[in-house]
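Q: Sequence plus predicted model, see below.
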Amino acid sequence: MKKKILYIGNKLSKSGSNVTLIETLGNFLKGEGYKLITSSTIKNKALRLLEMLLTTLFYSKKTSIVLIDTYSTQNFYYAVLVAKICRVKQVPYIPILHGGNLPDRLKRSPKLSNKLFNGAKVNVAPSMYLYESFTEAGYANLKYIPNTIEIKNYDFLVRKEVKAKLLWVRSFSEIYNPTLAIKIVELLIKKGVPVSLCMVGPEVGGLLEECKREVEKKNLPITFTGKLSKEKWIDLSKQYDIFINTTNFDNTPVSVIEGMALGLPVISTNVGGIPFLIENNATGILVEPKDEHLFVEKILHLINHPLASENLSVNARKLVETFDWQKVKTKWDVILSE
């Protein structure tokens, strides 16, 4: 019989945020027969934290294990508090590590990090970047399990010849640097290159509206869709040729993995876990962050070298096929059944 799992994380897609791991992995685990209780869907941070803590207290003796989505920012503290309850109640818990800035959190909060991560049954790192960072920090109870997708849901379209038809898929947060995407378009226009950009993602703190105003002011060929369902943005991707990822901090974003699965050549900043996901000039192209000139240089290279674009498209698809749930699920079964 499959175990009963309590999963704590930000389940906020119905409030306008992007779908997170608690929803994707949660649904995968349910599909494998695990009984799953999740928290929380509340948008208000204080109330969300309260529900997480109360849910953990209530189900501590009714569940076999607790999964905790663990981030580096303010959400780090809900993981700390939930884990503390688990230790007091003697319930095993597994932090799932998120965010390219978690290694910095280890340095800034060493005592809290030590209690949280050393007290865990195991810490799941979805990237070799975080696995190696935690190993270097002295943590031994680690397991690498990559972010996963269902590859059958991603129709592969090889990009043999590309134009500057750009796709960007993230939340409009400062760490993802959406304004850099706008600068890329401006520079391409200055160089006389026909260009279009579609930016897909929800608002975070007013940045989407700020970007819209800038685009309207300069009359740039950029469209904003807001948040789209996975099915809708996957269908939309067929109209575009290159996926750009402009982030300043990152781990192994699922949106980039999805772009690779769809056959879109990816040009990304080489921050955090991205270089552990993308091999430069083999499965994607890596550039330094905050530099629109480098992005444009690489976009022009793909336009002028169709074989390079095709190779990236094919190689990236082969790589992310190894992230398919049918291949990854056995790793979860192992740690959840121990």
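A: Yep, it's here.

Q: where do the strands sit along the stretch 201-338 of the chain?
A: Assigned by DSSP state E, counting those that start in this stretch, the strands in the stretch 201-338 of the chain fall at 222-226, 242-245, 266-269, 285-287.

Q: for the shortest one, packing partners?
A: When contacts are defined as 3 or more Cβ pairs under 8 Å, 6 or more residues apart in numbering; DSSP states H and E, strand 285-287 sits against strand 266-269, helix 292-304. C-beta coordinates here come from the backbone N, C-alpha and C atoms, glycine included.

Q: Could you tell me how far the first one lies from the centre of the chain?
A: A distance of 14 Å separates the C-alpha centroid of strand 266-269 from that of its chain, computed with Cα atoms, centre = their mean, to the nearest Å.

Q: Adjacent strands (with direction) for it?
A: Next to strand 266-269 in the sheet, as set by DSSP bridges, lie strand 242-245 (parallel), strand 285-287 (parallel).

Q: Export those strands as JSON lines, with columns for distance to residue 66, mean pLDDT and mean neighbour count.
A: Formatted as JSON lines, the strands paired with strand 266-269 follow (distance: least, Cβ to Cβ, whole Å; pLDDT from 0 to 100; neighbours: other Cβ atoms under 10 Å):
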{"stretch": "strand 242-245", "distance to residue 66": "32", "mean pLDDT": "98", "mean neighbour count": "26"}
{"stretch": "strand 285-287", "distance to residue 66": "36", "mean pLDDT": "98", "mean neighbour count": "22"}
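
Q: Of all those strands, which one is nearest residue 97?
A: Proximity to residue 97, assessed across those by Cβ to Cβ, is greatest for strand 242-245 (19.7 Å).

Q: Need the residues that contact that closest one.
A: Residues from elsewhere that reach strand 242-245, judged by Cβ atoms under 8 Å, 6 or more residues apart in numbering: 159, 162, 164-170, 181, 184, 237, 253, 255-256, 259-260, 264-269, 274, 295, 299, 302.

Q: same check, this time on stretch 249-258
A: Stretch 249-258 is contacted from outside by 24, 97-102, 126-127, 129-130, 146-147, 149, 154, 169-170, 175, 230, 234, 243, 245, 247, 266, 268-269, 271-274, 276-278, 320, 323, using Cβ under 8 Å, 6+ apart.

Q: ok, now stretch 97-107?
A: 21, 69-73, 76, 113, 123-126, 129-130, 133-134, 137, 247, 249-251, 271-273.

Q: Only C-alpha atoms, please: export that stretch in CSV.
A: Taking Å, rounded to 0.1, in the frame of the first residue of the first chain, the C-alpha atoms of stretch 97-107 are listed here in CSV:
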residue,chain,number,x,y,z
LEU,A,97,15.3,22.4,-2.6
HIS,A,98,14.3,25.3,-4.9
GLY,A,99,15.9,28.5,-6.0
GLY,A,100,19.3,29.4,-7.3
ASN,A,101,20.0,31.5,-4.2
LEU,A,102,19.7,28.6,-1.6
PRO,A,103,23.5,28.3,-1.3
ASP,A,104,23.6,31.9,-0.1
ARG,A,105,20.9,31.1,2.4
LEU,A,106,23.1,28.4,3.9
LYS,A,107,25.7,31.1,4.6
